[in-house]
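Novice: Coordinates for the following, if possible.
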Amino acid sequence: MARTRSASPSRRPPSPPASRWRRRLVVFIQVCIGVGLLALGALAIAVYVAMSQLPSFDSLKSSPNGQMIRVHAADGTVIVSMGPSFGEWLPYSQIPQVMRDATVSVEDRRFRSHIGIDPVGVARSVKVRYDRGHWTQGGSTITQQLARTVFLNNQKKFGRKFREAILAFALEWKFSKDQILELYLNKVYYGGGAYGIDAASRKFFGHGADHLSLAEAAVIAGLVKAPSNYSPTADAEAAVGRAGVVLETMRETGAITAEQAADADVSGLKLAPEPKQNSVRYFTDWALPQLDTLIDETTEPLEVWTTLDLTMQRQADDAIRANAPPGAQGALVALDRGGEVRAMVGGKDYVSSIYNRATQAVRQPGSSFKLFVYLAALEAGHKPEDSIVDEPVMIQGWSPRNDSRRNSGAVSLRTAFAYSLNTVAAKLGQEVGFNTVADMARRFGITTPVNVHPSMVLGTSEVRVIDMTRAFASVANKGVAVTPYGITRVTANGQTIYTHEVDRSHVLVAPYVAAEMTDLLQTAVNTGTGRAAQIGRPVAGKTGTTTASKDGWFLGFSSGITTGVWMGRDDAKPIAGLHGGTAPAKAWAAFMKPATASRPIEQFDTQVTLPEWQLEPDEQSYFGQPDNGQMAVDADGNPIEQDAAPVPTDAQTGDTIPRPDADQPEAPVTPPQQLNQDWIDRVTGRERRDPSSPAGRQPLQREMPRDGPRDQVQTQRFQSDRPQEDRPNQ
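Specialist: The predicted structure follows:
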């Protein structure tokens with residue numbers, strides 16, 4: 001029997017290709033849905049975590065992005081704003097409707113409907129990127145911009161954009177739309193250092209943001225896109241054009257009518273004047289770093305009230321610019337009797353050079369350093385009337401000489417100081433000890449190193465203008481230390497956190513020593529090297545000139561103000577004709593005369609006493625070089641012989657000025673003036689008039705012989721009304 005063949009199982013027909021792709025698509029969709037759900041869950045978790053870590057609304061209100069410092073002059077005028085500027089915080093209800101509408105219209109017109117990210121805005125940004133090939137239009141919402149302003153930075157990276165989106169969702173989840181808009185308008189940057197609409201309104205329009213007009217709101221709202229490009233103080237035309245775009249956008253969104261847009265006169269807006277940023281910056285650059293040692297506040301906005309007198313500052317600027325030789329720089333510091341810095345000029349122009357020569361530069365003071373030599377001598381027991389011999393002297397191999405190359409024999413200390421005799425200063429320094437002189441300088445506030453070589457009595461140690469001014473101010477303060485200061489008080493959020501207190505307890509020398517020193521300083525101004533500093537009221541001061549006229553100084557005080565002036569080149573090249581008694585003394589007088597005009601005339605404790613007239617038969621002491629601090633010395637303080645006169649150089653270039661040919665005829669020699677008592681009377685304005693002569697113009701002849709007793713006349717007359725030809729050149 002034949003076996004029957006069992007039937008084989010049936011095979012499925014192959015699936016058509018369409019069925020396979022359909023299944024794969026379903027799987028792909030399922031995977032995408034799963035991944036999407038996972039991503040959505042991760043996003044929700046990230047947003048929840050970010051939301052839980054967000055500060056409270058009140059904390060965000062009180063956390064500025066940086067510290068703002070506004071500096072006020074003595075009269076309250078704001079002279080400088082430093083760092084980011086934050087105005088008053090305006091609650092949502094106090095923000096003008098036009099400001100809210102302008103911001104929403106131009107920055108995020110779907111602000112009220114999205115959840116932190118605007119898909120339409122993102123799609124538009126991507127389309128523009130595709131059309132133009134680069135990113136030119138952002139799709140950030142107001143919420144995203146707030147997240148970036150408060151928590152992130154402006155880096156254009158996708159990682160930052162992702163974090164920004166997370167924070168935007170978290171902000172929308174935690175805060176209301178009104179709260180987000182309030183935070184945004186009070187924190188976003190509007191340019192010029194201004195954060196928030198109130199700071200921007202005060203900077204650009206001079207008033208708070210609680211009463212902004214439509215035109216002003218349009219200008220401020222237009223700044224957010226590009227603050228530096230559309231700032232009205234930087235480019236008024238660009239600001240007006242951008243404000244026009246804002247107004248048109250507001251009209252399109254229905255925030256304003258066409259009539260309101262047409263009535264908004266943007267071009268007619270008046271901007272608040274910018275505070276001057278020139279020479280006052282020398283003062284603020286010196287004063288503001290002191291805040292680190294005065295206060296601990298590092299976040300709250302600060303109001304800093306200073307001692308600077310804007311009127312005196314302008315007068316100081318004018319005095320330096322008008323009197324400094326071409327190519328030379330100048331510096332000035334003016335201190336009130338308590339140490340208040342009323343004016344500070346660190347150079348001719350802050351914009352071209354921020355180097356503060358009043359507080360940073362160290363230069364040799366020349367004979368103005370003799371202040372400390374004579375203070376040490378007076379404290380040791382010397383009196384202004386004491387006699388000392390002006391004679392050649394040798395000290396440790398160093399032999400100083402007077403500028404006149406002559407010696408006058410026995411003279412008083414008053415006379416030696418008035419005419420800045422080097423030999424006498426050297427003898428006094430040797431007598432009291434050069435270490436004692438150095439200690440006196442440090443006692444009076446010299447902060448730079450002071451050498452103790454014998455030549456130090458002629459001012460070979462470098463000093464700062466502010467330190468020397470401080471020393472003279474302490475003498476004017478009857479021997480009580482004066483410490484320069486510029487900050488009187490500091491406030492934060494209306495609360496005073498620092499107030500300066502003047503210390504009047506540190507006595508440097510006895511009052512009688514300071515009075516005797518003032519006596520000597522008066523003489524130097526009235527008949528000595530500083531006569532160009534007379535201002536018609538009692539003045540005490542001293543000149544200083546260094547080797548080859550590289551530096552010129554005048555420091556002095558009158559009516560409670562002490563001022564120091566320095567002039568010279570930054571490269572220390574000689575300046576022909578520069579002496580302490582010329583340009584610096586003239587600049588000092590040009591500043592002090594108006595600076596003291598409103599103050600009562602104050603007499604010193606000691607009236608001025610004139611020196612002996614029987615001195616120095618060489619007119620060079622009075623008419624030629626006005627100072628004697630020009631002795632050249634080497635590094636060891638030994639003198640360098642200078643038989644030839646210094647080669648004159650051009651003040652601007654420093655190039656040598658060629659001398660006249662030797663074949664040229666010599667100029668006629670002017671007969672020397674007779675330095676007798678009549679000359680002293682003329683130059684000090686003490687001529688006696690003969691009433692019987694026409695108009696009383698003929699002076700009476702003195703009967704006292706030249707070798708008679710010294711005529712030590714005490715006078716309180718400080719006027720300088722004698723003819724120009726009778727005044728010695730300084």
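
Novice: alpha carbons only for contacts and neighbour counts from here, please
Specialist: Noted.

Novice: for the chain, which residue is closest to the average position?
Specialist: The centroid of the chain falls nearest to Tyr282 when counting by Cα atoms, centre = their mean (1.8 Å).

Novice: My read is that that one contacts Ile354, right?
Specialist: Yes: with contact defined as Cα atoms under 8 Å, Tyr282 reaches Ile354; the gap is 7.1 Å.

Novice: where do the helices sit along the stretch 51-200 of the chain?
Specialist: Applying DSSP state H, counting those that start in this stretch to the stretch 51-200 of the chain gives helices spanning 57-61, 97-107, 119-132, 142-151, 158-174, 177-187, 197-205.

Novice: Format those helices as TSV; extra columns: distance to Asp503, mean neighbour count and mean pLDDT.
Specialist: Output for the helices of the stretch 51-200 of the chain, formatted as TSV (distance: least, Cα to Cα, whole Å; neighbours: other Cα atoms under 10 Å; pLDDT from 0 to 100):
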stretch	distance to Asp503	mean neighbour count	mean pLDDT
helix 57-61	40	12	82
helix 97-107	51	22	92
helix 119-132	64	14	68
helix 142-151	44	21	85
helix 158-174	53	19	80
helix 177-187	42	21	91
helix 197-205	38	24	88
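
Novice: and stretch 95-114, how far out from the chain's middle?
Specialist: Put simply, stretch 95-114 sits 42 Å off its chain's centre (Cα atoms, centre = their mean, to the nearest Å).

Novice: nope, stretch 296-307 is what I meant
Specialist: Offset of stretch 296-307 from its chain centre (Cα atoms, centre = their mean): 17 Å.

Novice: buried set for it?
Specialist: 300-307 (16 or more other Cα atoms under 10 Å).

Novice: First-to-last residue distance for it?
Specialist: End-to-end distance of stretch 296-307 (Cα to Cα, to the nearest Å): 21 Å.

Novice: Equivalent analysis for stretch 287-303, please.
Specialist: Stretch 287-303 has an end-to-end distance of 13 Å (Cα to Cα).

Novice: wouldn't Val280 be in contact with Gln313 here?
Specialist: Yes: the criterion here is Cα under 8 Å, and Val280 meets it with Gln313 at 7.4 Å.

Novice: Could you tell me which residues touch both of the two?
Specialist: 344-345 (Cα atoms under 8 Å, 6 or more residues apart in numbering).

Novice: Below-threshold pLDDT in the stretch 201-350 of the chain: ranges please.
Specialist: Scanning the stretch 201-350 of the chain for pLDDT under 70 picks out 274-277.

Novice: Helices of that one, start to end?
Specialist: Under DSSP H, counting those that start in this stretch, the stretch 201-350 of the chain gives helices at 214-221, 227-230, 236-252, 258-263, 280-287, 291-294, 310-323.

Novice: For Gln144, which of those is the nearest?
Specialist: helix 214-221 (16.6 Å; Cα to Cα).

Novice: what helices or strands is the closest one leaning on?
Specialist: Counting by 3 or more Cα pairs under 8 Å, 6 or more residues apart in numbering; DSSP states H and E, the packing neighbours recorded for helix 214-221 are helix 97-107, helix 197-205, helix 236-252.

Novice: and those as JSON lines, adding distance to Gln495?
Specialist: JSON lines is the format used below for the helices and strands packed on helix 214-221 (distance: least, Cα to Cα, whole Å):
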{"stretch": "helix 97-107", "distance to Gln495": "30"}
{"stretch": "helix 197-205", "distance to Gln495": "20"}
{"stretch": "helix 236-252", "distance to Gln495": "37"}
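
Novice: wait, which of these is closest to Asn402?
Specialist: Here helix 197-205 is closest among the helices and strands packed on helix 214-221 (Cα to Cα), at 59.6 Å.

Novice: Which helix or which strand is home to Gly552?
Specialist: strand 551-558 (DSSP states H and E).

Novice: ok, then the element right after that strand?
Specialist: strand 561-568.

Novice: Give me the contact list for that following strand.
Specialist: For strand 561-568, contacts defined as Cα under 8 Å, 6+ apart pick out 324, 328-337, 465-466, 468-469, 472-473, 476, 550-557, 575, 583-585, 587-588, 592, 596.

Novice: List the pairing partners of that strand within its sheet, with orientation.
Specialist: Strand 561-568 sits in its sheet next to strand 329-335 (antiparallel), strand 551-558 (antiparallel), going by DSSP bridges.

Novice: and the contacts of strand 561-568, which are buried?
Specialist: Buried members of these, counted by 16+ other Cα under 10 Å: 324, 328-337, 465-466, 468-469, 472-473, 476, 550-557, 575, 583-585, 587-588, 592, 596.

Novice: what about Arg20, how many neighbours?
Specialist: Other residues lying near Arg20 total 11 when counted by other Cα atoms under 10 Å.

Novice: residue ranges with poor pLDDT in the stretch 551-700 of the chain?
Specialist: For the stretch 551-700 of the chain, the stretches with pLDDT under 70 are 610-700.

Novice: What's the mean pLDDT across the helix or strand hosting Thr415?
Specialist: Element membership for Thr415 (DSSP H and E) is helix 413-418. Mean pLDDT, helix 413-418: 92.
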